[in-house]
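> Here is a sequence together with a model predicted from it:
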Amino acid sequence: MYAELEDDALPPYSEMAGVMRDTLVEIHRARSTGMRDPPQPVTAVHICVSRFTPSRVSLWRTFKRNCLRSVAGEYNHVEMLLTMGNSTHVAYTVDQYDPGTARTGVVRRHTPASMDEAYPASRWIVASVDSLSAPEMLGVQHFLERQLGKPMDSWGMYANFAPVMCWFVQDRGVRTEYDTYFCSQLAAAALRWVWLERLRHVAPHRCTPAQLFEMLRAGDDLHMCAQGTIMPQGARWSI
């Protein structure tokens, strides 16, 4: 996929929309020919945000969550969930405690698990981003795939929102892609790339999970999902 894109620099989505449409045509053609394990289109993009809960792992993590909660609100984590054409699900996030990777950072998980198992309604809110077109959903996947393996920005996760410390990071500026990420920064950057005209005012490195969720809900972009159908078990690793 995306064979036409060899340069490391990510062009604006407006220049790649045609590539995404052509890729979708190729995907549907491959699926119609009965190819074994054909590529799959993205059929839905979900935003999954977790409410603040004390850590079950350590008091130190609970203390850090309380610090973040005081400046960033009730939601302390966000993941992007992509539903594929074969009804499987792929989650992308920035995970600090993922036992399946050698280091922390941007990870992808393929797990067709129950949403009730991995995203219990007592903690998680799941909503689909309904206003994305099919090429834009593929664009979100392309952006997220490019970020895999990049390290977690633990410093920015706290410093960007603390009233005093944020002064020291104001010169970072808004970018298309970043060298490091925290969870809501990754999700905001992916959506900003495909929706630049709509989200030009958004600075992903200053975007909390609560701000991202409320911004999308205010724009009528979200459809709240009934829990009980989907979600990777690995989501629980970030507890």
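Nice, I can see it.

> Residue 127 and residue 220, how far apart?
With distances taken as C-beta to C-beta, to the nearest Å, residue 127 is found 11 Å from residue 220. (Each C-beta comes from the backbone N, C-alpha and C, glycine too.)

> quick one: which of the two has more around it?
Set residue 127 next to residue 220 and count neighbours by other C-beta atoms under 10 Å: residue 127 wins out with 17 against 9.

> tell me the pLDDT at that one?
Confidence at residue 127, expressed as pLDDT, is 86.

> same question, the one 5 residues further on
At residue 132 the predicted local distance difference test score is 93.

> Three-state assignment for residue 201, please.
For residue 201, the assignment made with DSSP: H, G, I helix; E, B strand; the rest coil gives coil.

> That one and residue 215, how far apart?
Counting by C-beta to C-beta, the gap from residue 201 to residue 215 is 10 Å.

> between the two, who's got more neighbours?
Here residue 201 and residue 215 are compared on neighbour count by other C-beta under 10 Å; more neighbours surround residue 215, at 17 against 8.

> name the element that one belongs to?
Using DSSP states H and E, residue 215 maps to helix 209-218.

> From residue 84, how far out is residue 110?
In this view, residue 110 and residue 84 are 9 Å apart by C-beta to C-beta.

> Overlap of the contact sets of those two?
Here residue 110 and residue 84 have residue 90 as joint contacts, going by C-beta atoms under 8 Å, 6 or more residues apart in numbering.

> surely residue 38 meets residue 29?
No. Residue 38 lies out of contact with residue 29 (C-beta atoms under 8 Å); the separation is 9.1 Å.

> Tell me which of these two has more neighbours.
Of the pair residue 38 and residue 29, residue 38 is the one with more neighbours under other C-beta under 10 Å, namely 17 against 11.

> Apart from its neighbours in sequence, what residue is nearest the more buried one?
Distance criterion C-beta to C-beta, 6 or more residues apart in numbering; nearest residue to residue 38, sequence neighbours excluded, is residue 30 at 4.2 Å.
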